[in-house]
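A.B. asks: Next input, structure requested:
(chains A, B, C and D, ligands or ions: 2)
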Amino acid sequence: MYSERVMEHFTNPRNVGEVEQADGEGQVGNPICGDIMKLSIKVEDDRIVDIKFKTFGCGAAIASCSMLTEMVKGKTIEEARAITNRDVAEALGGLPSVKMHCSNLAADALQLAIDDYLSKKEEGSNA
Amino acid sequence: MYSERVMEHFTNPRNVGEVEQADGEGQVGNPICGDIMKLSIKVEDDRIVDIKFKTFGCGAAIASCSMLTEMVKGKTIEEARAITNRDVAEALGGLPSVKMHCSNLAADALQLAIDDYLSKKEEGSNA
Amino acid sequence: MNRIYLDHAATTAVRPEVLEAMLPYFTEKYGNPSSVYSLGREARRALDEARATVADLLGADEREIVFTGGGSEADNLAIKGVAFANRHKGNHIITSAVEHHAVLDTMHFLERNGFRITVLPVDSYGMVDPNQVAEALTDDTILVSIMHANNEVGTIQPIEEIGRILAEKKVYFHTDAVQTAGILPINVAELHCDLLSLSAHKFYGPKGVGALYVKRGTKIEPHIHGGAQERKRRAGTENVAGIVGLAKAFALAQGEIETSAAKLTALRDRLWDGIAARIDHVRFNGHPTQRLPNNVNVCFSFIEGEALLLNLDMHGIAASSGSACTSGSLEPSHVLVAMGVPPEIAHGSLRLTLGRENTEEEIDTVLDVLVEVVAKLRDMSPLYEETPSKPLP
Amino acid sequence: MNRIYLDHAATTAVRPEVLEAMLPYFTEKYGNPSSVYSLGREARRALDEARATVADLLGADEREIVFTGGGSEADNLAIKGVAFANRHKGNHIITSAVEHHAVLDTMHFLERNGFRITVLPVDSYGMVDPNQVAEALTDDTILVSIMHANNEVGTIQPIEEIGRILAEKKVYFHTDAVQTAGILPINVAELHCDLLSLSAHKFYGPKGVGALYVKRGTKIEPHIHGGAQERKRRAGTENVAGIVGLAKAFALAQGEIETSAAKLTALRDRLWDGIAARIDHVRFNGHPTQRLPNNVNVCFSFIEGEALLLNLDMHGIAASSGSACTSGSLEPSHVLVAMGVPPEIAHGSLRLTLGRENTEEEIDTVLDVLVEVVAKLRDMSPLYEETPSKPLP
Ligand SMILES: Cc1ncc(COP(=O)(O)O)c(C=O)c1O
Ligand SMILES: Cc1ncc(COP(=O)(O)O)c(C=O)c1O
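C.D. replies: Residues are numbered from 1 along each chain as shown, chains lettered A, B, ... in the order given. Ligands and ions are numbered 1, 2, ... in the order given. Okay, here's the model as predicted:
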């Protein structure tokens, strides 16, 4: 069912947890559907230097978050913005079709985390 | 499906053919149903001294005729009259239920053969 | 006594290679294909491979193959499945008088439940006329079901022609290929069919497993409702071992099809010619050329089929008959009757169907036995004596 | 890595004795049971014996057993069979919210085709109330279908009580005993049922073969139409090997039922108690006493079932879950939902079902692994941190 890459990420998920004093946070999903993904990012010089995730979700959800954090780390905000859920799925060597639309939302969480970072930054500069 | 007794009679049917100068003949069934039984008897002193059959029919039909001829040979007309299809089936150790009402008509043919004998005899005595 | 098996249209023995392929799925690899853990995934892979194999052999896509519990279930799924799912479009279904009971009885069930069924006649060879199919179509026609080849008399129907007509008219077309799978090449695109049934035990696979090809886009209601197996078209835990066996057996059979057809045809002709030369008052049934390479169907006048079969069995020969007595019903074969064979002759029908292990020597033995047994039964028959041209003893 | 199989409710491995009994019917004894010659009669005898065995074990008559292609088909035959054959008497059918999909989906099909279906609720243990069955009856009610024991949470339904009510009211009663056959004693007279389904692969028999008990006099339309097999109640060449396997496996299981129930209960309690003692935020599902001896169903808050299963699989442990992710649908288990378990908790359900080869050591290993895996996943869960009573690490 799952590709080797998915199973590898699921087995050894990278970057689990929460970055301390995060510059941005994003969460998608809800427990009733059985999928929640929460990302926290640390940004320096417009570059995501650290990213961690937590998830309540299935194998695909865990692997997607893990894969996304790997893809994102070191990227600029602009580069990170361009990453889609589809990119994550492709990087994982594909996901079962039933999983595409519920468990593959890590990029959405990232967008929210970036939004959060940007709005905080704005607040900061406004202050 | 068939009892050993049936298969034995089917394999080695007794009294196949026609008695010469028969004193009585009887036939039941029709080819459209796939079952015809024809009996011919020789009677001496009110006793059936010879009986032979021909049949167009299945295993049960052949075995029933064969069994009947064995049961009848040597019996008086009166004794033979009392033999029913059910007696034949029982003597064979039973027949499959689907065969009871179409392939187990040998006793009916015998009744007709006896009728034939009796009517011929009457004609003879009347003459 | 050597046994000679000439009833391959009834069933076949599982080939050793097939059984071997199946065995692990009873024991070590016993997982449920719906389970997420490794044992389940292993079973799922076996299913996927079997499905790909069958799809390939039929020229179909994997998603178009539904595994079933046999040929009858495949026929039921095809016919009721299309009927119930397309009821809003119409309630008229067309079939032929020589279909297998799995088709005809299903039609009768639908008839009792609001559908209108047209049963097309056949000619004296058991052949359906494509023009009659075209003429029977109405605006309400949602499905036509005509078998690929007949299981009793071996006549091959003009499926491509019928298929082409129906494709044009956009009417679903089902063909029961239970008797041709493993014997003839089958390509669903060439046959222009939307649904096609097959059954493993007819081509040296296990009993109780079949498959239905369902062309993509065909609206079909499941026949066994329940779980989401087989893309929701057939519920129930999959018979993994059986499905693996079906695929293996089908691949073997279709792989050998040219050599086996040549061999079967030669044996069949030897049998046919031998009967024609050595026994009189016989009538060969089915089409002389448009027929399965492994089928001989013949009526011996004046004798009854079951008695013939039992006598052959006593000589170790396994065959079958369209006699009423062998079917548990009171009527002789509906196929022979539809072809216009008089009932009293139909009762004396004999079907001999050849398989991969039969030999010329076996055919010669069968011919000797047949001559003897037919003579014996005719001697016993009150009908025989009445005929004028009594042959030599 | 040793594999530990705790998913016996999903499927089981065929026992060696069972496979051995089956093998001859694939190869030497390959006859079609409908054939009149010796090879066919040999297969017929095997069928007859299997039928007698199953009938005996259920306290039924041989004529009351219909072999099918699995548990789902048995359920479909029971429900559609009675529905279509008794339509003239009424169109109302009663079932429960916790039935297997093979029952519920069949009901939905009937609902789309003119029948009226009442789906009874269950209590928080998944139990049906016999009084509610009685109250739901109308003059139009022709059938009630309530399962013997639930496949997810193991709750045993009050079948005898329901059966007694329905016998009095002369309403047909079907029970799906797929999960109890081989685990509990089953006597159709004591259960007062008219129809009862079972499936071989749940009791160490092969997949793809089941049986339906049909009480004499029960009017039933065939589900697979066609040939006259199974006394015209199920067409299709019989899966002889599978049926022989079903009977053998059922006889073995029912013969050992007392010792196996004791063993399973002890193991189950060890597992249950271990979980209760070592993991918090758990919720045990199903009835505490009226339950299958081999079933533990538990929800671990804050984690999702599929992730749990995959982690267990990495440790060689096979189990199952009512999580949406494992069913291919978007909803979590309809059984847990019907019992009032909130969806977010239902997603974290785990079903562990024991079998004849499990040991105490295995249970202890499973407990250690569970503690570790649940902790790992909770650590990863954004829901866990938010709860006040975070337990010790
Ligand atoms: C209660 C219940 N009913 C029916 C079935 C269906 O049985 P099968 O998978 O053999 O079709 C199952 C198992 O899948 C079950 O647990
Ligand atoms: C033409 C045809 N269709 C359907 C079937 C039914 O197949 P099964 O016996 O596998 O159900 C058969 C054989 O019995 C057949 O010959």
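A.B. asks: all contacts plus neighbour counts: C-alpha atoms, from now on.
C.D. replies: Fine.
A.B. asks: show me what contacts the residue in chain A that chain B sits nearest to?
C.D. replies: Of all residues in chain A, the one sitting closest to chain B is A:M1 (50.0 Å; C-alpha to the nearest C-alpha). Each residue near A:M1 by C-alpha atoms under 8 Å, 6 or more residues apart in numbering or on different chains is listed here: A:96, C:36, C:41.
A.B. asks: Can you list the low-confidence ranges for chain A?
C.D. replies: A:126-127 (pLDDT under 70).
A.B. asks: Pull the number of nearby residues for the spatially closest residue to C:T141 that is not a sequence neighbour.
C.D. replies: In this structure, C:T141 finds its nearest non-sequential neighbour in C:H92, 4.3 Å apart by C-alpha to C-alpha, 6 or more residues apart in numbering or on different chains. For C:H92, the count of nearby residues is 23 (other C-alpha atoms under 10 Å in any protein chain shown).
A.B. asks: Next: C:G217.
C.D. replies: When counting by other C-alpha under 10 Å, one arrives at 8 neighbours for C:G217.
A.B. asks: before we move on, back to that, quick check: the residue of chain A closest to chain B vs D:S320, distance?
C.D. replies: 16 Å (C-alpha to C-alpha, to the nearest Å).
A.B. asks: pLDDT wise, what is the closest residue to C:R164 other than its chain neighbours at?
C.D. replies: Distances taken as C-alpha to C-alpha, 6+ apart put C:H192 closest to C:R164, at 5.9 Å, once the chain neighbours are dropped. You'll see C:H192 listed with a pLDDT of 98.
A.B. asks: quick one, strands of chain C?
C.D. replies: Here chain C has its strands, by DSSP state E, at C:4-5, C:65-68, C:92-96, C:116-120, C:141-145, C:172-176, C:195-199, C:210-214, C:282-284, C:295-300, C:317-318, C:349-353.
A.B. asks: any idea how far the closest residue to ligand 2 within chain A is from A:A63?
C.D. replies: Ligand 2 sits closest to A:M1 of chain A, with a gap of 31.2 Å, by C-alpha to the nearest ligand atom. Distance of A:M1 to A:A63, given as C-alpha to C-alpha: 13 Å.
A.B. asks: what do you get for A:G34?
C.D. replies: 15 Å.
A.B. asks: With C:V244 instead?
C.D. replies: C:V244 is 32 Å from A:A63, by C-alpha to C-alpha.
A.B. asks: low-confidence ranges in chain C?
C.D. replies: Using pLDDT under 70, chain C drops low at C:324-330, C:386-393.
A.B. asks: Show me what from it comes close to ligand 2.
C.D. replies: Residues of chain C lying near ligand 2 by C-alpha under 6 Å from any ligand atom: C:70-72, C:100, C:102, C:150-151, C:176, C:178-179, C:199.
A.B. asks: Among those residues, which one lies nearest to D:L292?
C.D. replies: C:G70 (33.1 Å; C-alpha to C-alpha).
A.B. asks: Nearest to chain B within the stretch 1-150 of chain C, name that residue for me.
C.D. replies: Counting by C-alpha to the nearest C-alpha, the stretch 1-150 of chain C gets nearest chain B through C:M1, at 16.2 Å.
A.B. asks: Contact partners for the residue nearest to that residue when sequence neighbours are not counted?
C.D. replies: Closest residue to C:M1 apart from its sequence neighbours, by C-alpha to C-alpha, 6+ apart: C:G316 at 6.5 Å. For C:G316, the contacting residues are C:1-4, by C-alpha under 8 Å, 6+ apart.
A.B. asks: likewise C:D61?
C.D. replies: C:52, C:55.
A.B. asks: Check the gap between it and A:T84 for me.
C.D. replies: 31 Å.
A.B. asks: What of A:E90?
C.D. replies: 10 Å.
A.B. asks: More neighbours: the two, which one.
C.D. replies: A:T84 (18 against 11).
A.B. asks: The more buried one against A:A107, yeah?
C.D. replies: Yes: using C-alpha atoms under 8 Å, A:T84 is in contact with A:A107, at 5.5 Å.
A.B. asks: Could you pull out the residues contacting both of the two?
C.D. replies: With C-alpha under 8 Å, 6+ apart, A:T84 and A:A107 have no common neighbours.
A.B. asks: Output the residue of the stretch 51-200 of chain C whose distance to chain B is smallest.
C.D. replies: Closest point on the stretch 51-200 of chain C to chain B, by C-alpha to the nearest C-alpha, is C:E152, at 18.7 Å.
A.B. asks: for the stretch 51-200 of chain C, what spans make up the helices?
C.D. replies: Ranges of helices in the stretch 51-200 of chain C, per DSSP state H, counting those that start in this stretch, are C:71-85, C:101-112, C:130-136, C:159-169, C:188-191.
A.B. asks: of all the ones you listed, which lies closest to B:F56?
C.D. replies: Using C-alpha to C-alpha, the nearest of these to B:F56 is helix C:101-112, at 27.3 Å.
A.B. asks: For that closest one, buried residues please.
C.D. replies: C:101-111 (16 or more other C-alpha atoms under 10 Å in any protein chain shown).
A.B. asks: what's the answer for stretch C:159-177, then?
C.D. replies: Quick answer for stretch C:159-177 (16+ other C-alpha under 10 Å): C:159-166, C:171-177.
A.B. asks: likewise stretch C:68-75?
C.D. replies: For stretch C:68-75, the buried set under the neighbour-count rule, 16+ other C-alpha under 10 Å, comprises C:68-75.
A.B. asks: likewise stretch C:81-97?
C.D. replies: C:81-84, C:86, C:90-97.
A.B. asks: among those residues, which two are most distant?
C.D. replies: C:N86 and C:A97 (23.4 Å).
A.B. asks: Can you report how many residues lie near the closest residue to chain A within the stretch 101-250 of chain C?
C.D. replies: With C-alpha to the nearest C-alpha as the measure, C:R231 is the residue of the stretch 101-250 of chain C nearest to chain A, at 12.2 Å. If you count neighbours by other C-alpha under 10 Å, C:R231 ends up with 13.
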